[in-house]
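Visitor: this one's sequence-less:
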C-alpha cells in the first residue's frame, strides 16, 4: 500500500475542507453594512497576505538558490514546496475565516447553535488544510526521491521559514493594531471597543486573522511536518529499507487525519448547549480514535505496543500541558483571581503578581515534557539502543501532533467568533446578537490559551526530535557539556530567546506608535468622524500595520537563520548542538512564561470587568488594563515567536548539517 | 613559603579592616536626634542578624550532621567554618556600616571629602572582612587536612548556605520594607521619603544594610571562596603534589588582597572632587597591581604566561560586564532615556520597554562570558589537555574575583551613603547636608548597578568552574546532551531560576502586604503621629520585615539544596550535570534581565524626577514610579537570588558527588 493511504487521507482532508468552505460560502452574509465591514476585513487580510507573499517570494528564491548551491537540488525543491504549501494552507484558512466571521454574526441572529457551527467550520478549513497539505507534501517528496526522507528536511525548512514570517509578522501586525486602537480609541477618545468610528478597528480585526489564524496555522504546520520528518529520518536509518516501518509516522498521521475529520463532524453537529462542551467532545473523540488506531497500528507494524506507548505519552503530555495552561490562565482558578485581587493596590502589584504567575507556570509543563521524553525513550528500549529511544521521542511528538487538524480547528474558531462579535458591534446589530458572539468568543479565549500551551509543548518536542535527527545527520556521538564550545553554544543558545523577545517587543512598540499617531491624526483632521458622519480611513491603518509588520520581521527572521549557521561555521557541529539545546530549553521557558502571564493578565482584566473588585472603571480595573496591555505582546507576539525560533534554528541546523560538518568550526580550529 | 603568604595577607586585610573600623568609631556621631535614629537602625539591623543566626545555627547543625554521616567529619568541619566565617564577615561589615552611616551624615556638614572617606571606609571594612576571612579559612583547612583541597568544598558549601539566607532573606527584608514604606507613606499619606513620621522608615533603612551590605557581601564571599576552591581542587589533580603550583590560586588571591588594600587607601585619600572618579581611581589601581602581580607570578610558578592570560581574561570580562551594565542602566545612555520617553504613554509602555531593555541587555554579557571561557580554556592548552583548559576557566574566575575586596568596598559604600541621607532627612539637618549625601548616594546607585553585573558575571564563572570540579569529582568523561536524562536535567535546571524567581517575588508581595497593613494601622491608631507628636512604633515594622524575611526564605532555600540532591539520586550524576548546566545558563540570563530591567526602571524614574518629560508629579513620572516598583523585587530580591541559586546548587552537587556517584540514579536504573 505504501504511499496510497497517506495520500488518500491527505486528499480527504482537503476535500473535507473544500466541502466545509463551500457550505460556509452559501450561508447568508447579512445586510449591506455587514457585507461592507467584512469586506474591509477580508480585503485587509488578503492585502497583508499578498504583500507578505511578495516579500516571501524573494526570500524563497534566494534561500532555494543557497540550498541548491550548498546542498543539492532535491532539498531545494522540497524547500520551495514546503514554503508554498504552508502559504497555501494559510491562504485557504484565512480566506475562509474572513468569510465565516460575517456569516457567524448573521447566524447569531437566530441563536447560538448555527453560529457555532459556522465559526467552527471556518476554523476546521484551516485545520484540514494544514494536515492535508502537510501529509501530501511529505509523502510525495518522500516517494519521488526514492522512498528516501533525506531531502524532505528541506520541506520542513520551507514550512519553518514561512511560519517565522507568518507568526512574527502576524504577531507584530495584530498587536500594533490592537494597542493602537485601544490606546487612542478606548483610552483617549473614550469610544468603546470595535467602534466603527475608530480608524484602527478594521486593522484590529484583520490582525486577529493574520496573527491567530494564519500565524498559528503556520506554526502548527511547521510542528506537524517537523515531527513527522524527524520520525521518518530516524526510522529510515533504523529500519534499513523496511518500508512499512519507515512509513509508520505517515500512516499514524493518516489515522490522525481520519480521527480529526470524525471529531470535527461530531463537534460541528453537536447539539450541546455549551460551546465549550461541544468542542471538547469533538476533541476527545478524535483523541480516542487516534489511541485506538495507534494501538492496532503499533502491533501490526512492530509486533508490540512500544510505539503505541510512546505515541500515547505524547498525546497525554499535550493534553495535560493544555490543561495546566488553563489552570494558570482561566479565571475560575486562583492565579487569575490573585492577580485581580492585587490589582487593587495598583498596576505595579498587578505586573509583579502576573509575572510571578507566568514564571511559576513553567514548572509543571517542563516536568511533563521531561516525563514524556524519559517515558518515550525508555519504552522503546533506549537503554540498550539509543537510536531506538530517540525514535521514541520523535514518535511522542508525532503522537502529540496527530490531532493537529482538530487542534487548529478549535484554535482558529476563536478569532472567527471574535471577528463576528466585532462585525456585530460595528454593524449595530441587536444586543442579543452580541450576547451570542460574546459567549462564543469567551470560549475562544480559553481554547486559544490551551492552544498556545499545546503549540509550545509540541514545538519543544518537535525541536527535540529534530535535534536527535541533527545528531544523526552530523554523526555526533555526543554533545558534551564539558567541552567548552558546547557550553558556549548552550549559553548563546539560551540567550537567543531573550534577544528575540526584546526585538519583537520593541517592534510592537514601534509599530504601535505609528498606529497611535495615525489614529490621532485622523481624529483631528477628518471632519465629523466622532459624530459618525465622517468616514475613517481604515485602509491607511491597515497599510501601517502591514508595512510595519513586514519591516519589523526581517531582523528577527535573519537572526534565526544566520546565528545557527554562524555558530556552526565558527565553532563546529558540537557547539551548534549545544546552541540548539540551550535555545530549546530557554525558549520553551520564556514562551510559557510570556504566554501564561499574558493570558492570566487578560483574564484578570475580564474577571474584574465581570464585576469583581469594583468592576469596570474602578482603580483595580485600570491597573488590570495595564497588565493586559503589557500581556498583549507577551502572549501574542514574543511568546509564540519562541516556538518558531527553536524549531527554525533546529531545522536550519539539520538541513545545513552536511555543509557545517565539512567546512564548519573555523574558529575552533584556529583556537586549537 | 607555602601557606604563610596567604595567611599573612588575610591577616593584613583583617587588621586593615580593624584599623578602619576603629577610625570610624572615633568620628563624631552627631547630635542626640542623629544618635537616636542611627541607634534604631543599628539595633534593627543587629536584631535581624541575631534572629537570622538563631535560625542558621539550627540549619548549620543539621546539615553538618548530614555531611558527617554522608561524607566525612572533615568536610563537615569545613562546612561549619565556611558558614561561620561568612556570618562573621557579614556581622563585621554590617556592624560598621550601621555606625558609618550616621558619621557620614555628620561629616557631610563639613562638605563632601570627609563624608566620602567615612562612607567608603565603612564599605571597605566589609570588603576586607570578606577577602581576609575567605583566604584565611581556605588556607588553614587546606593545610590542616594535609595540603589537600578535597574537604574545603565543605567550606564553600557553608559559605553558599549562608549566602542563600543572607541574599534571599535580605532581599525580601529590604523590599518588603521599601514597598511598604513607599506605598502607604509616599502614595497614600503623601509624606516624603525618609520622613520620621513613617513607621516603616527605620525598617527601610535597616533593609539597605541587610540586603545591600550583608546580602551582597555574603554573595561575593561565596563567589570568592568558590572560585578559589575550584582552582585548588582542579590544580590538586593536575599538579600531583607540586605545592607551589597547587597553591597558585591562594597566592594570586593574596596578591589581590594587597592590591585591594592599596587601591582602598588610594580611593580613601583621593582629593578628587568627583566621588565617582575617586572610587574609579582606587579600582583601577587595584586592577593594575593584580595584573602586574599575576604576570610575574604566572612566570615564576609555571614558567610561562598562560595562567596570566586566563587571569587577565577573567579580570577584563568582569570589568566589561560592569561597563555594559552601566550602559543599560545609567541615565546618560539611550536605554534609560527610551524608557523615560515611553513613560509618557503610561505604565504599560514603561513596563514593556523596560522589560525589552532587560532582555536585550543579556546579549553582550553572555558573549563576553563565552569569550572568557574559550580564551581561558584554549590559552591553557585545553585543546590537547582538557583538564588544563578547565583549570584555565577556574583561573579566569579567580582572576575576576581577585579584587573582590575593592569591589565589595565600593559596593557597600552605596547603602552607607544612602543611609546617611536618610538620617540627615530624619534628623532635619540643613539642606546642604542632604545635598552632599545625595551626591554620594547617586554615585552609589551607579556602583550598585555595576556591582550587580559583576556579581552575576562572577557567579556564572564560579559556577562553571565548580561545574568542572564536579565533573572531575564524579569522574564523568562527558555530560552528553544526547542522553535523555541529561536533556531532562538541562530542562529542569533551566526551569529552576524561573521557579525561584516566582517564589521570591511572591514572598516580597506577601511581606510587603503585611507591612502595608501595619503602617496603615499605626497611622490610624497612634494619636498625633501625622503631626510629628505621636511616636511611631518603628520596632514593630522592623519585626515584621524580620519575621517575614526569615519565614519566606525557607522554601526557596530548601529547594535549592533538595532539588539537585533529588535529581542526582533519581537520575544520576550525568542528569545532575545537565541540571547544573541548564540552571547556570538560564539563571545568568534571568539574573541579568531582572537586575538590568530593575536598574533601568529605577534610573528612568530618577531621570524624570530630574525634570525630563514633565518632571516629578507628571503622568510620565507616575508611570515611571510603577516601573520602579516592579523593578524593586526584580533587581534587589529575585535577580540577585539567582547568583546564589546557581552557585549553591553547583557546590551542593560537588560536595555530595561521592554519595550520588555511589547511590544515585535509582529511577534511571529502574527505567533501564
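Guide: It's in. These figures come from a predicted structure and were not determined experimentally.
Visitor: Give the other helices and strands that the helix or strand that contains residue A:300 contacts.
Guide: Secondary structure assignment for residue A:300, by DSSP states H and E: helix A:275-302. Counting contacts by 3 or more CB pairs under 8 Å, 6 or more residues apart in numbering or on different chains; DSSP states H and E, helix A:275-302 is packed against helix A:112-144, helix A:243-246, helix A:248-268, helix A:306-329, helix A:404-426, helix A:431-473. To be clear about C-beta, it is placed using only N, CA and C from the backbone, and glycine gets the same treatment.
Visitor: would you list the ones you listed in CSV and tack on distance to chain B, mean neighbour count and mean pLDDT?
Guide: As requested, the helices and strands packed on helix A:275-302 are exported to CSV (distance: least, CB to the nearest CB, whole Å; neighbours: other CB atoms under 10 Å in any protein chain shown; pLDDT from 0 to 100):
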stretch, distance to chain B, mean neighbour count, mean pLDDT
helix A:112-144, 25, 27, 94
helix A:243-246, 22, 16, 92
helix A:248-268, 19, 25, 95
helix A:306-329, 11, 24, 93
helix A:404-426, 21, 30, 90
helix A:431-473, 5, 25, 86
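Visitor: and these as a markdown table, adding distance to residue B:470?
Guide: Shown next, in a markdown table, are those (distance: least, CB to CB, whole Å):
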| stretch | distance to residue B:470 |
| --- | --- |
| helix A:112-144 | 44 |
| helix A:243-246 | 41 |
| helix A:248-268 | 39 |
| helix A:306-329 | 30 |
| helix A:404-426 | 42 |
| helix A:431-473 | 24 |
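Visitor: Tell me which of these lies nearest to residue A:223.
Guide: helix A:431-473 (4.5 Å; CB to CB).
Visitor: Tell me the helix or strand right after that closest one.
Guide: Next along from helix A:431-473, by DSSP H and E: helix A:484-525.
Visitor: Mind giving me the packing neighbours of that following helix?
Guide: Packed next to helix A:484-525, using 3+ CB pairs under 8 Å, 6+ apart, are helix A:170-180, helix A:538-552, helix A:554-609, helix A:619-633, helix A:639-655, helix B:347-360, helix B:363-379, helix B:554-609.
Visitor: which of these sits most buried?
Guide: helix A:170-180 (a mean of 31; mean count of other CB atoms under 10 Å in any protein chain shown).
Visitor: which is the next helix or strand following that one?
Guide: Past helix A:170-180, the next helix or strand by DSSP H and E is helix A:201-207.
Visitor: pLDDT of stretch A:18-37, averaged?
Guide: When pLDDT is averaged along stretch A:18-37, the result is 93.
Visitor: wait, I meant stretch A:359-378
Guide: pLDDT averaged over stretch A:359-378 gives 96.
Visitor: Centre-most residue in chain A?
Guide: With distances taken as CA atoms, centre = their mean, residue A:216 lies nearest the centre of chain A, 3.0 Å away.
Visitor: Skipping adjacent residues, who's closest to it in space?
Guide: Nearest non-adjacent residue to residue A:216, counting by CB to CB, 6 or more residues apart in numbering or on different chains: residue A:411, 5.7 Å away.
Visitor: Touching, the one you found and residue A:123? I think so.
Guide: Yes: taking CB atoms under 8 Å as the definition, residue A:411 is a contact partner of residue A:123 at 6.9 Å.
Visitor: Find residues that contact each of these two.
Guide: Counting by CB atoms under 8 Å, 6 or more residues apart in numbering or on different chains, no residue touches both residue A:411 and residue A:123.
Visitor: what residues are up against the closest residue to residue A:319 other than its chain neighbours?
Guide: Distances taken as CB to CB, 6+ apart put residue A:287 closest to residue A:319, at 7.1 Å, once the chain neighbours are dropped. Neighbouring residues of residue A:287 by CB under 8 Å, 6+ apart: A:259, A:263, A:315, A:319, A:403.
Visitor: Need the pLDDT of residue A:47.
Guide: The model reports residue A:47 with a pLDDT of 86.
Visitor: got the buried residues for the helix or strand harbouring it?
Guide: Counting by DSSP H and E, the element that carries residue A:47 is helix A:32-70. Of the residues in helix A:32-70, A:34-35, A:37-38, A:40-46, A:48-49, A:51-53, A:55-56, A:59-60, A:63-64, A:67-68, A:70 count as buried by neighbour count, 16 or more other CB atoms under 10 Å in any protein chain shown.
Visitor: Next, the angle from that helix to helix A:538-552.
Guide: Angle between the axes of helix A:32-70 and helix A:538-552 is 20 degrees (criterion: axes from the mean of the first three to the mean of the last three CA atoms, to 10 degrees).
Visitor: Just want the angle from helix A:32-70 to helix A:170-180.
Guide: Going by the same axes, to 10 degrees, helix A:32-70 is angled at 140 degrees with respect to helix A:170-180.
Visitor: name the helices or strands packed onto helix A:32-70?
Guide: Using 3+ CB pairs under 8 Å, 6+ apart, the elements in contact with helix A:32-70 are helix A:73-107, helix A:153-164, helix A:201-207, helix A:404-426, helix A:538-552.
Visitor: What are the contacting residues of the third one?
Guide: Counting contacts by CB under 8 Å, 6+ apart, the residues outside helix A:201-207 that touch it are A:37, A:40-41, A:44-45, A:48, A:101, A:170, A:173-178, A:180-181, A:185, A:194-195, A:419, A:422-423, A:426, A:515, A:538, A:541-542, A:544-545.
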